[in-house]
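Trainee: Provided below are the primary sequence and the corresponding predicted coordinates.
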Amino acid sequence: EAGVTQFPSHSVIEKGQTVTLRCDPISGHDNLYWYRRVMGKEIKFLLHFVKESKQDESGMPNNRFLAERTGGTYSTLKVQPAELEDSGVYFCASSQVGALTGELFFGEGSRLTVL
Amino acid sequence: AQSVTQPDIHITVSEGASLELRCNYSYGATPYLFWYVQSPGQGLQLLLKYFSGDTLVQGIKGFEAEFKRSQSSFNLRKPSVHWSDAAEYFCAVGPFNTDKLIFGTGTRLQVFP
């Protein structure tokens, strides 16, 4: 069974440009999460989807970030326009029953570098 | 506010030595507690978790963790480290009534032969 896949693995863009990160969760997992790790710091929660609905988006930094999960399958995270402080590794995770009672399955992450 | 502290950024041990990675949390009640590991080139993987019951929790790959309420700690241990344990280890808490994890900054483990 395929795990959580993320694309691209690494993206280098200039400040002001747009980047879209994609996450394909494990098939059948209704719960999908985005986390971000800025270099050397903790991994921080961004948002949580249940199917196509945003359950919790309290961790989204600002309105330059837009997450979607059309049809409840894959998800995209768009950053527009990108700023220097957006650099980091963006992790996607999925779960069948939830992060606390179940297990999060993480992708390898998408490393974003904003110059 | 809830937080997780992993005081050791980097630990180096010899293969076969014992290991203890420290984790302290700040939360008003007993939260869900987790240890995740990220091996090179891979996503994070759950090692073990605790919510209630026996305070000594067994996980995969020979790891265990002990919850100590009085110290707000959830330290990870392994009696004999293997070279394949070289990775970054993350402690996390899951507050009630949420479905998100709060992670620490991670501890990178290096294993020498």
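Mentor: Everything's here; your move.

Trainee: roughly how far apart are the most centrally placed residue in chain A and chain B?
Mentor: By Cα atoms, centre = their mean, the mean C-alpha position of chain A lies nearest to residue A:34, the distance being 3.3 Å. Distance from residue A:34 to chain B, counting by Cβ to the nearest Cβ, to the nearest Å: 10 Å. Placement of C-beta: from N, CA and C, glycine included.

Trainee: Now that residue: closest residue in space that isn't a chain neighbour?
Mentor: residue A:46 (4.1 Å; Cβ to Cβ, 6 or more residues apart in numbering or on different chains).

Trainee: that's a helix at the one you found, yeah?
Mentor: No: using DSSP: H, G, I helix; E, B strand; the rest coil, the assignment for residue A:46 is strand, not a helix.

Trainee: and it, what does it touch?
Mentor: A:33-36, A:57, A:59-61, A:65, A:67, A:77, A:90 (Cβ atoms under 8 Å, 6 or more residues apart in numbering or on different chains).

Trainee: Please repeat the previous calculation with a cut-off of 10 Å.
Mentor: Residue A:46 sits next to A:33-36, A:56-61, A:65, A:67, A:77, A:90-92, B:100 when contact means Cβ atoms under 10 Å, 6 or more residues apart in numbering or on different chains.

Trainee: what about the spatially most central residue of chain B, helix or strand, and which?
Mentor: Nearest residue to the geometric centre of chain B (Cα atoms, centre = their mean): residue B:35, 3.6 Å. Element membership for residue B:35 (DSSP states H and E) is strand B:32-38.

Trainee: Strand partners (parallel or antiparallel) of the helix or strand following that strand?
Mentor: Using DSSP H and E, the helix or strand that follows strand B:32-38 towards the C-terminus is strand B:44-50. Using DSSP bridges, strand B:44-50 pairs in its sheet with strand B:32-38 (antiparallel).
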